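K.L.:
Pasted the sequence and its predicted model underneath.
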Amino acid sequence: MDFALSEEQQFLQQTVNELLQDQCSLDIVRQDAAENETKNQALYGSLTELGIPGTLISEDYGGVGLRLLDAALIAESLGGSVATVPYIGSSVLAPLAIQLAGSDEQKDSWLPKLASGEITCGVALGEHIGARDNTPITSEGSKVSGRAMFALDVQDADVFLVATVDDELHLVEANDAELNRLFTIDKTRSVGELTFDHAPSDSLESSIDSTSTLAKVVDAGRVVVAADTLGAAQSMLAKAVDYAGERQQFNRVIGSFQAVKHMCAEMAAELEPCRSLVWYAAHAYDAIPEDARITACHAKAHLAEVGRFVARKSTEVHGGMGFTDLLGLHYWFKRIELNRQLLGTPEFVRNEAAKVQGWI
Amino acid sequence: MDFALSEEQQFLQQTVNELLQDQCSLDIVRQDAAENETKNQALYGSLTELGIPGTLISEDYGGVGLRLLDAALIAESLGGSVATVPYIGSSVLAPLAIQLAGSDEQKDSWLPKLASGEITCGVALGEHIGARDNTPITSEGSKVSGRAMFALDVQDADVFLVATVDDELHLVEANDAELNRLFTIDKTRSVGELTFDHAPSDSLESSIDSTSTLAKVVDAGRVVVAADTLGAAQSMLAKAVDYAGERQQFNRVIGSFQAVKHMCAEMAAELEPCRSLVWYAAHAYDAIPEDARITACHAKAHLAEVGRFVARKSTEVHGGMGFTDLLGLHYWFKRIELNRQLLGTPEFVRNEAAKVQGWI
Amino acid sequence: MDLEYSSEYEDFRNELRNFLEENKHLSPGAIARPPTNREGSEDGPNPAQRWQQLLIEHGYAARTIPKEYGGCGEAPDPLKTHIIAEEFAKARVRPGHSGDNRLVPTVLELGTEEQKRWLVPPSIRGEMSWCQGYSEPGSGSDLASLSTRAEVDGDDFVINGQKIWTSGAQHADMMFCLVRTEPDAPKHQGISYLVFSMDTPGIEVRPLVTMTGDATFNEVFFTDARVPKNQIIGKRGEGWFVANNTLKHEREGLGDPHQAENRFREIEELMRNETVDGDPIMDNPTHRDRLLQLQGRMLAMKYNGMRVLTSQRKHEEPGLPRWIIKLQGCELNHQMAAMAIDALGELGTLYHRSDHMRAGGMWQQRFMMDLGLIIGGGTAQIQKNMIGERALGLPKEPKVEVKPT
Amino acid sequence: MDLEYSSEYEDFRNELRNFLEENKHLSPGAIARPPTNREGSEDGPNPAQRWQQLLIEHGYAARTIPKEYGGCGEAPDPLKTHIIAEEFAKARVRPGHSGDNRLVPTVLELGTEEQKRWLVPPSIRGEMSWCQGYSEPGSGSDLASLSTRAEVDGDDFVINGQKIWTSGAQHADMMFCLVRTEPDAPKHQGISYLVFSMDTPGIEVRPLVTMTGDATFNEVFFTDARVPKNQIIGKRGEGWFVANNTLKHEREGLGDPHQAENRFREIEELMRNETVDGDPIMDNPTHRDRLLQLQGRMLAMKYNGMRVLTSQRKHEEPGLPRWIIKLQGCELNHQMAAMAIDALGELGTLYHRSDHMRAGGMWQQRFMMDLGLIIGGGTAQIQKNMIGERALGLPKEPKVEVKPT
């Protein structure tokens, strides 16, 4: 019984953190945001050198062959630094989908390029999560049509993975789709609207049950989004504690006032158990099938709630400064807020957890 | 435009409060509670001298002919002193029902006796609110059968008002019903289980639309229960502020600590607008029909939530002392908790507000 | 309890409605901000100023300001004030203003006769607009610790230092400002209240971008800015007490219950119209129950506002019902924005004029702006201190007067 | 990350299961409280004591207490401790105890050899039971301000004063108690830690009824109660530091995540079985979403508990994950009780063995008891101070040493 990170995992996270500290400073984030740049080439290059895009891809295809917990730790670090690189779609959802449901030929043709960072993949699962302004994505032979909203990691993507109304998964070359970038409060990640008009597609067909493949991919996405929020919220807590220990008002550092101290304590008390929830959900994804789905839902929903709480309280601890652009605190605030809405809002995801447990 | 109590209303509330201060001390409540006494004869006698049981009964029948806002002010005072007397059922719901739906003969035979305090009336509306362990109350000719749960003001009641599954209202003499008192955490009010086995009944038939009569009675009940919670919560806030201003720890009165001060401030901030909500709902009942139902629902639901919040926070401000029987704080805590569940839980009542607004 | 208006007020309301019907084509658009001189040409009053003048003539703006200073000289009547606000809002017509609702009352109460004649008439005519120089980077909650200095040199104060959170500084003609004139006095007694032109040499305004991405606030830097000594309101060292007068007027504007009711209606509409998988959000019971909880709070605050209005009309101190408005009102607004975003889901995160964005990104903007308002004008924590101490009578924290090392 | 148990632990678990299967008929019933001497006859060990003895022999109780003091003398192994707790709970068999989990570790760490031999063996055999005399009416959160005095008279301390919140005082054989022995020393340095029999003349125990209606606590009054001077643990004036050792052990018991998971399952069952108008509560989407929110919190705390256990096994300081357990765990339990009551509606208020009461009134009792636990053993406010100061490193409040007037 060892509910803790391995030495390798600690080393992995430390390595990524050090890299981010160097190459993803607030100044860099700020500049990327000003330019609507969500794929910082230098940073993405360095992460690629570490093998990050291939984290979940089998060694047979040039990846590192790690598990979802490792991917979650990376997501936590990326969230902690509000990193302006593709990850959740291109390096988690797409590789998992192709490995779960792709033919050997499809694996051969896509995975090595994804692992090496040569290509990135945008991912559109809106059909499965709850459609808003979508037009149903349908397939006919090897063509897909329709409009998918809120595809992830779309900027400069070479290929798109898209779910159809029948829960099929298709790969469409970027040239065959029309991309309209959507701009959200979070300027550190890219989302977009994809329109397909009889676009030639490569269908992932080897899956026995496409519905459960899709569900499994979504589970992974939810855990990793939760991990991203965990990292971002942890950074906001750390910044609040630092600020409360430095800023003076009424001849005292404000952290000595109970009102401020208790806000920090409440953030920590809410957030700390979330780490264990994310770890467990990520571990369960690979190792404890009977808990995988329900803990993925809870990780996503609970981190969304706690994340919003921490984002707000940290801003309040910073007072007026937290509301300005000067400290850049809002980049974390907004990333947490986007994460909340991605891959299912808390109410939606909890409802799914109820279904999984047979409550409805 | 005058959203305030009239001088008469202020005088009424002051008179009732002074009476309660005298005749409903904590010692008296404690003794009544020990004896499961929920109709303190001396106190009830004094309230009767003031005309309280006839507040809502027309002067034609020996009552005072006031309106629901006046009844709510009285309920607020009774809640504030956790008074061990029948009120909501016997002096609000029953007189309103008889006046709304009774024949002249029925009014003649019941209202003067209710107004003078000669008799009290238990009220069972469970069929309308959400049945739990009930057995449906049915009527056949002038007989009713079935089991009604959580009838109010049952102790020593002379007659019971009961709703049937068809939303009819019937009066049944106490001798013709079987009463089983139920004991709740709140020892200051009586509730009970009533069983009828072809019990002779006097049906209130003059109402044009029995369903809307019943709904109107329930509206009044909800406003008055909300007012009771308002009074009880206001007392708990006042006690917390007093205690925080006296109790010393770490060489300071605890009210000078932000943690304690802010708990008091949060209670006040939550509770103060509730007073206006209760006033408005009570006034709307008589004067603004289009707002009556929705504000009754919101008064009931919102006071239930704020009441529980204040009950908890006041207990916390009192520390260990709040948890003991020594200060008797728990009488208020428990009264608020019973009120929360009476005449519809917050979730149920809010759902009704949604229906009223055509949202579902 | 009588929620009808007496005939005096009904008549007043009807007159106002008629006035609006006849004249609203003259209104320069429903902008809340007082018009400034800079909006017009130099050849005479601009449309906003002409509109303001018309409103003053009819008693719909600057109502209670004495005639000798350009106002209508009516007795204060909160109910009429309320009716004016209500009817202008209903008709979606730009309301009038009273110059600056912080500065003008302060000058009228504490200024010299000369100052009143200098400052009040152009302010209420919209020819002199104001910004407030209170907060500094080092003094937010502890405003009295401000360190911008004004030293006497001949007939002038010479100002050096920095202000922050100065909304409208880029447009304003004038600033009212707190400066430290007696550095050796206890902190509350060393402050003076000055008024001066924003064109004074040595003043630099830099926009302050917030998390919303807008620059509604500014930083203002002073380098040897010279202000004549007679531009002080009140006496030297009494600025803190003068300023408290201003703060009192400012706080009353926040947490307006009408705004909350309008927002609530907007969310209701949103939840009827927006769908997930084809079903209106309103059909989702979890979202619906959350909306209902907000409705309960909103109604309580609305009626609380009616209670405050009634007290004011009777010249009674409203007490707690007013003390809690800023804390509860700002929180309610923030919660409503959060609810709207959650109802919109991913669509609720769209911004920067993105396609598919709803209501111009208003909810996202409000969600952030409201958090700013929870913090600004006295943080929620300071509000709770005030409610605890001033309204409930709990003791202050023991003072720590040791200077930090 | 490996949630499997190694073969050593699987073997240990299997042995324990076999033991329980074979011997559980000897268990005197699943009562959590350590058995006391007074439960038995005077003719030898009572069934509870015999059961405890059997558990000690097999290494399932008093595991880490040295053999010379009657324990098993095993090395500490949090995983085995965890497995023991888990298996006894599953089998619904009364677990063993370690005497008193506050007093015994304290004596072992800080007592003299003579004290260890006197106190530890009978405590772990269940022949000497304990109550704790710390809190006083005037000193709750500020425990160190306690004023019960012990003055030296010959070979004795003479105790006068009052304790409160003394759970089990009516049954206990002994008390460990904080008294002020040096009234002129600074408050933390004037306290001593004494142990003495509850039969000592001059001790009066009065039951303290709480809001639940039960008297699980007591007040204890001392009037010239004489305790031999050698019944002090640690030195005179060092009692505060001795007591902190005890508090550390006490706190670990609160907010147990297994309890939360059991409660959650009970509510789930309740919501499937109870109906309103014939429909299961579980079908009500608002209640269901609330249950799901609690499930998310419960799971987070459960896994947090696994993380703490892992740290302990590795002899690492768990840090924040442990600091937050009392605050979050007690709150979660309270929220779950509140949810159960709301699901039951009016039925959830029944009490005092009323007809129609569900689960013996357990939820109502818990709802109140949990609020007591949020307050007791360090209020939520004190917990937040500790998390802020000790775990996050924020500074303490400036001390106010002025005596109140």
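P.N.:
Perfect, thanks for sending it.
K.L.:
Name the surrounding residues that touch the helix or strand that contains C:N218.
P.N.:
Taking DSSP states H and E as the criterion, the element that holds C:N218 is strand C:217-228. Applying CB atoms under 8 Å, 6 or more residues apart in numbering or on different chains, the contact partners of strand C:217-228 are A:324, C:131, C:133, C:148, C:150, C:153, C:155-170, C:175, C:194, C:196, C:200-208, C:210. In this view, the C-beta of every residue, glycine as well, is placed from N, C-alpha and C.
K.L.:
In the stretch 51-200 of chain C, which residue sits nearest chain A?
P.N.:
C:D142 (3.9 Å; CB to the nearest CB).
K.L.:
Wait, that residue touches A:F250, no?
P.N.:
Yes - C:D142 lies in contact with A:F250 (CB atoms under 8 Å); the separation is 4.7 Å.
K.L.:
And the one residue in the stretch 51-200 of chain C that gets nearest to chain B, how close does it get to C:E8?
P.N.:
Across the stretch 51-200 of chain C, the shortest distance to chain B (CB to the nearest CB) belongs to C:L79, at 5.8 Å. Distance of C:L79 to C:E8, computed by CB to CB, to the nearest Å: 9 Å.
K.L.:
before we move on, what about A:V260?
P.N.:
51 Å.
K.L.:
so where is the chain shaky, pLDDT-wise?
P.N.:
Going with chain A. For chain A, applying pLDDT under 70 flags the ranges A:206-208.
K.L.:
actually it's chain C I care about, not the one you picked
P.N.:
Counting by pLDDT under 70, chain C has low-confidence residues at C:29-43, C:247-257, C:400-405.
K.L.:
In it, which residue sits closest to chain D?
P.N.:
For chain C, CB to the nearest CB, closest residue to chain D: C:P285, 3.8 Å.
K.L.:
what sits against the residue lying closest to that residue once chain neighbours are set aside?
P.N.:
Among residues not flanking C:P285 along the chain, D:P285 sits closest, at 3.8 Å (CB to CB, 6 or more residues apart in numbering or on different chains). By CB under 8 Å, 6+ apart, the residues touching D:P285 are A:N351, C:P285, C:T286.
K.L.:
could those residues go into CSV alongside distance to A:D209?
P.N.:
Formatted as CSV, these follow (distance: CB to CB, whole Å):
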residue, distance to A:D209
A:N351, 22
C:P285, 31
C:T286, 29
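K.L.:
For chain B, state which of these is nearest.
P.N.:
Distances from chain B to the contacts of D:P285, taken by CB to the nearest CB, are shortest for C:P285, at 7.9 Å.
K.L.:
follow-up on the earlier one: partners of the strand holding C:N218 in the sheet?
P.N.:
strand C:156-164 (antiparallel), strand C:203-208 (antiparallel) (DSSP bridges).
K.L.:
C:W240 and C:S192 touch, don't they?
P.N.:
No - applying CB under 8 Å, one finds C:W240 not in contact with C:S192, separated by 9.1 Å.
K.L.:
These two: which is more packed in?
P.N.:
Ranked by neighbour count (other CB atoms under 10 Å in any protein chain shown), C:W240 and C:S192 place C:S192 first, with 24 against 19.
K.L.:
so that one touches C:A185, yeah?
P.N.:
No - in this structure C:S192 lies outside contact range of C:A185 using CB under 8 Å: 10.7 Å.
K.L.:
Name the residues contacting each of the two.
P.N.:
C:G237.
K.L.:
Looking at chain A, which residue is nearest chain B?
P.N.:
Closest point on chain A to chain B, by CB to the nearest CB, is A:Q258, at 4.0 Å.
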